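Enquirer: Have a look at this fold, sequence not included:
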């Protein structure tokens, strides 16, 4: 990438940021520089007076975790011999973060072993780097409190360390990022406030949560970053906070009404977005075995007496078409909030299709957050079930979490069983992509038209689940579950791609590519076999 192109991407990224984000990026940068120059250090122990809390059993988290001193996160294992390296970075920052989240404490870990691990962290806290970032402090705080409360442990050294970590968090809240990161800060501060009966922590938590939940939870219940996985995570935190407030009397119930209302519409959205077999579409940054699954969340919500406030998919830009033969979820909305597109993909008009409760056409998923070619490829238009013009992405994804110019969508027409939409992601080359989805009892029609002043080559991608057997016959594709007919294409190709259902897991699968030209119509008819 040359310097001019990189400058253009940078300018077209920061122009969408909020002034608050830019201010706090500069403020924290300068603050850290002065802290280093003056030799100032964090206070890692703060005199505390922890209170006994009551919490009902939450969700036991996931399959990854630890066994003795062998830790497994995001499908990567590391065994430490006699001393844990809390800064271990060979597997990237996300793995290091997971190591310091301490979510493994809530997987029926023995109390003695859990306390040993916490003590080992505290003993090394002065040299810990990534683990003292705001996000891992937030998750670790909740996990330590859950572990200590559920096992009736009141340890002064641990409590004093945890209390100090909360005041470190208080001084570097993630206003420079906003979104799910700031919400996690708020949820954790609320747990810390109740555990230590600290009004300072409580008031800041209340301020964050009241503002951010109103903005971040859309009217149809979606979390506004539009990742089903992060939606599950945020709903889980919200249910934990309902658990906390419902079962403890400190500060009354002043936040409970807000939490119940937001959890109710989030639950409704998740019910709509979950396929009958319990899986979610892997739209944007979504993958399996990171968040609690939908079934666990539905069960936890019932335990917390949270009922779904029925809403239709709307503001999130997702639509679902379903009958006895298939379920299809389509993405016809924005890629995310303009000032927060770190978890967004260039995937406008993408879709997933399940037949007989099995995934057939799928999103390719994500396997890494590292700044690599794989990360770029998985965020690109070519990795999704939509149309790419030449090799231009609809939205200019770059680096690990950045987007410059991005596609915006207009709905042309919509009914119960169809939607017609257009996006302007290609207007920089003088082109507009229009797509129409039509849902029938046993078939789906997808009609693509790219209007352009110049002639360009267009390609429509259809990524198949690894279990599907793909055969090409003339201008048709026959799979285990589908027969697909194309009209208006100039060429049809079947190629390999890497399906990424989990972090650090790639499975060879097949992708169908239909070639067509601008100002011509491509009609794709998918019939259940």
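Expert: Nice, I can see it. Only a predicted model underlies this, so the values are computations on that prediction, with no experimental measurement involved. Numbers count the residues shown, from 1 in each chain.

Enquirer: Got the confidence number for residue 70?
Expert: pLDDT, residue 70: 89.

Enquirer: what sits against it?
Expert: Neighbour list for residue 70: 77-80 [criterion: Cβ atoms under 8 Å, 6 or more residues apart in numbering]. In short, each C-beta sits where N, CA and C put it, glycine included.

Enquirer: Distance-wise, check the nearest residue to residue 481 once chain neighbours are set aside relative to residue 234.
Expert: The shortest distance from residue 481 to any non-neighbouring residue, by Cβ to Cβ, 6 or more residues apart in numbering, is to residue 355 (4.4 Å). Using Cβ to Cβ, to the nearest Å, we find residue 355 at a distance of 30 Å from residue 234.

Enquirer: Which one's more surrounded, those two?
Expert: Between residue 355 and residue 234, counting by other Cβ atoms under 10 Å, residue 234 is the more crowded of the two (25 against 20).

Enquirer: hang on, the more buried one packs against residue 269?
Expert: No. Counting by Cβ atoms under 8 Å, residue 234 stays clear of residue 269, with 11.0 Å between them.

Enquirer: Identify the contacts common to those two.
Expert: Joint contacts of residue 234 and residue 269 (Cβ under 8 Å, 6+ apart) do not exist.

Enquirer: Can you give the contact residues for the helix or strand harbouring residue 272?
Expert: Assigned by DSSP states H and E, residue 272 belongs to helix 256-273. If you take Cβ under 8 Å, 6+ apart as the criterion, helix 256-273 is touched by 209-210, 213, 217, 219-223, 228, 231-232, 234-235, 238-239, 241-242, 245-246, 280-281, 294, 297-298, 301, 304, 306-313, 316, 318, 320, 329.

Enquirer: and the helix or strand following it, what other elements does it pack with?
Expert: With elements assigned by DSSP H and E, the helix or strand that comes after helix 256-273 is helix 294-303. Helix 294-303 sits against helix 228-246, helix 256-273, with contacts defined as 3 or more Cβ pairs under 8 Å, 6 or more residues apart in numbering; DSSP states H and E.

Enquirer: could you redo those as a markdown table and give each row mean pLDDT?
Expert: Conversion of these to a markdown table gives the following (pLDDT from 0 to 100):
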| stretch | mean pLDDT |
| --- | --- |
| helix 228-246 | 98 |
| helix 256-273 | 98 |
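
Enquirer: Check those for me and report the most buried one.
Expert: helix 228-246 (a mean of 23; mean count of other Cβ atoms under 10 Å).

Enquirer: who does that helix touch, helix- and strand-wise?
Expert: Secondary elements touching helix 228-246 (3+ Cβ pairs under 8 Å, 6+ apart): helix 134-150, helix 179-196, helix 199-216, helix 256-273, helix 294-303.

Enquirer: Centre of the chain to that helix, how far?
Expert: Counting by Cα atoms, centre = their mean, to the nearest Å, helix 228-246 is centred 14 Å from the centre of its parent chain.

Enquirer: Same check on stretch 33-44?
Expert: 33 Å.

Enquirer: So what touches that stretch?
Expert: With Cβ under 8 Å, 6+ apart as the criterion, stretch 33-44 contacts 122, 125-126, 132, 161, 164-165, 167-168.

Enquirer: Name the member of these with the most neighbours.
Expert: Top of these by neighbour count (other Cβ under 10 Å): residue 165, with 27 neighbours.

Enquirer: ok, and the closest non-adjacent residue to it?
Expert: residue 137 (5.3 Å).

Enquirer: wait, doesn't the one you found sit right on residue 171?
Expert: No. Residue 137 lies out of contact with residue 171 (Cβ under 8 Å); the separation is 10.8 Å.

Enquirer: Cheers, nothing more for now.
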